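In: fold the following and give me the result.
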Amino acid sequence: MAASHDPTAPLYLGLMSGTSADGIDAALVQFPAAGGCRFVDGLTTAWEPTLRRQVVALGEGGEVASLDELGDVDARIGLAFAGAANALLAQAGLPAAAVRAIGSHGQTVRHRPTASPAFTLQLGDANRIAEGTGITTIADFRRRDVAAGGQGAPLMPAFHLAMLGTADEDRAVLNLGGIANLSLIPRQGTLLGFDTGPANALLDGWCQRHTGRPFDADGGFAASGRVIEGLLARWLADPWFALPPPKSTGREQFHLAWAEASIGEGQHAAADVQATLLELSAATVADALLRYQPATRRVLACGGGVRNRELMRRLAARLPNAVVESSAGHGLDPDYMEAMGFAWLAHRTLTGLPGNLPSVTGARGPRILGAIHPA
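Out: Numbering: from 1, shown residues only. Predicted coordinates for the structure are as follows:
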């Protein structure tokens, strides 16, 4: 059953599936008038395997055979998101009428913020979500920011600032999803937020290929290997890492074929490559943090990578002057942080408030994000 909730504050439901496509996260939250975000309940729903394979392939630059296939995938993702929302409501014992709105990120299948014209594409027909749940659904959050000259990502820094900003210390919020991204929150001054490079997407893909397991539990596979310094240096030499923010990326940039191009056939033990991929994630996060906010004293981590103890250990080793800890200690569940954030964006949209931060995305100004699909 759901945690007790304040009947005077409306409920919002956030839906999120990230670059890893390892499940659809659904979170029920409230935003009290006094501020903050109250987590009520959460649930992760597994993808149907065939649909997940299509989603991952498209995210890695694969093509659809026809417009019919694209329309079919879009509709089926929408139905999957609706199913995830309904499953959470059933778990919480709440009717659809209790929820003011759903905020749905959709599934990113292509992200080209530097193309001309720039574009980003998230699938998951929000009409299907509204129809399947009976709840007003806000979706398509990223494209308005892109239309305004921004990257369309990351969008979570605004949520992180609202929930975790403090005048006591320089902080960073680190999302370790398929791609890692940072929200740099100084005690004074302008917030920055940007992607730093691959996190779980490459780790999961390599682990799946060589062990048959979908992810490296606790980082044990990586911990059994050793870092290949030459390979790490070749990966770090990719020009993308040297780009200044604003910047964002995805599977179309960092996928196994990208990693394998620097490995060479049969040259290294699989565990050593896993260890090196993990070190790549830790190094690129730490390098970016030390470059753009070197006085950071606390790193609040969220996303699936929080459960990778070896990754958290390596991050702490590379950031000896900062406390690296889960966001859980600050009242925000690390497994549902992004789903909570899209519920917050839905709340912002319905109250006529902007959801982007131009200092993060590079947009020409604040914009109200998302399209509203009434129940």
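In: how's the protein carved up into domains?
Out: Using automatic domain parsing, the domain ranges for the chain come out as 11-152+334-373, 156-330.
In: now those as TSV including mean neighbour count?
Out: From N, CA and C alone the C-beta is placed, and that goes for glycine too. Shown next, in TSV, are those (neighbours: other Cβ atoms under 10 Å):
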stretch	mean neighbour count
domain 11-152+334-373	20
domain 156-330	19
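In: turn those domains into CSV, including mean pLDDT.
Out: Listed next are the domains of the chain as CSV, based on pLDDT from 0 to 100:
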stretch, mean pLDDT
domain 11-152+334-373, 95
domain 156-330, 95
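In: for the longest helix along the chain, name the packing helices and strands.
Out: As assigned by DSSP state H, the longest helix anywhere in the chain is helix 67-92. Here helix 67-92 touches strand 11-16, strand 24-30, strand 38-45, helix 49-59, strand 99-104, strand 119-123, helix 126-133, going by 3 or more Cβ pairs under 8 Å, 6 or more residues apart in numbering; DSSP states H and E.
In: quick one: residues in contact with stretch 263-273.
Out: 206, 210-211, 221-222, 224-228, 231, 259 (Cβ atoms under 8 Å, 6 or more residues apart in numbering).
In: now it, how far from the centre of its chain.
Out: From the chain centre to the centre of stretch 263-273 is a distance of 29 Å (Cα atoms, centre = their mean, to the nearest Å).
In: what is the end-to-end distance of it?
Out: Its first and final residues considered, stretch 263-273 spans 8 Å by Cα to Cα, to the nearest Å.
In: nearest to residue 144, of the helices and strands packed on helix 67-92?
Out: Counting by Cβ to Cβ, residue 144 lies closest to strand 119-123 out of the helices and strands packed on helix 67-92; the figure is 10.5 Å.
In: got the contact list for that closest one?
Out: Against strand 119-123 from outside (Cβ under 8 Å, 6+ apart): 55, 58, 70, 73-74, 77-78, 105-113, 139-140, 142-143, 146, 152-153.
In: same thing but at 7 Å, please
Out: 73-74, 77, 105-113, 140, 142-143, 146, 152 (Cβ atoms under 7 Å, 6 or more residues apart in numbering).
In: out of these, which sit inside helices?
Out: 73-74, 77, 142-143, 146.
In: nearest to residue 93 among these?
Out: Closest to residue 93, out of all of these and judged by Cβ to Cβ, is residue 77, at 26.7 Å.
In: what's the nearest residue to the closest one once chain neighbours are set aside sitting at in phi/psi?
Out: Sequence neighbours aside, residue 124 is the residue nearest to residue 77 in space, at 4.0 Å (criterion: Cβ to Cβ, 6 or more residues apart in numbering). With angles defined as degrees, to the nearest 10, residue 124 sits at phi 130, psi 80.
In: quick check: neighbours of the one helix or strand residue 180 maps to in the sheet, parallel or antiparallel?
Out: Using DSSP states H and E, residue 180 maps to strand 179-185. Applying DSSP bridges, strand 179-185 is found paired with strand 171-176 (antiparallel), strand 192-198 (antiparallel).
In: want to throw those strands into a markdown table with distance to residue 33?
Out: Shown next, in a markdown table, are those (distance: least, Cβ to Cβ, whole Å):
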| stretch | distance to residue 33 |
| --- | --- |
| strand 171-176 | 24 |
| strand 192-198 | 27 |
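In: quick one, which of these gets closest to residue 301.
Out: strand 171-176 (4.7 Å).
In: how much distance is there from the closest one to the middle of the chain?
Out: 11 Å.
In: same thing with stretch 341-361?
Out: Relative to its parent chain, stretch 341-361 has a centroid offset of 16 Å by Cα atoms, centre = their mean.
In: what is the end-to-end distance of that stretch?
Out: End-to-end span of stretch 341-361 (Cα to Cα): 16 Å.
In: next: stretch 217-224.
Out: 12 Å.
In: ok, residue 82 - contacts?
Out: Residue 82 sits in contact with 128-129, 132-133, where contact means Cβ under 7 Å, 6+ apart.
In: can you do 10 Å?
Out: 15, 102, 104, 124-135, 137 (Cβ atoms under 10 Å, 6 or more residues apart in numbering).
In: now residue 42
Out: Residue 42 is in contact with 2, 14, 25-29, 88, 91-92, 333, 335-336, 339-340, counting by Cβ under 10 Å, 6+ apart.
In: one more: residue 243?
Out: Residue 243 neighbours (Cβ under 10 Å, 6+ apart): 114, 194-195, 249.
In: do the same with residue 71
Out: With Cβ under 10 Å, 6+ apart, residue 71 has these contacts: 64, 123, 125.
In: and which of these is nearest residue 350?
Out: Distance to residue 350 across the contacts of residue 71 (Cβ to Cβ) is lowest for residue 125, with 20.1 Å.
In: how much space between the closest residue to the closest one other than its chain neighbours and residue 373?
Out: Nearest residue to residue 125, sequence neighbours excluded (Cβ to Cβ, 6+ apart): residue 78, at 3.4 Å. To residue 373, residue 78 is 10 Å away according to Cβ to Cβ, to the nearest Å.
In: mutual contacts of those two, please.
Out: With contacts defined as Cβ under 10 Å, 6+ apart, the residues shared by residue 78 and residue 373 are 104, 125-131, 137, 139.
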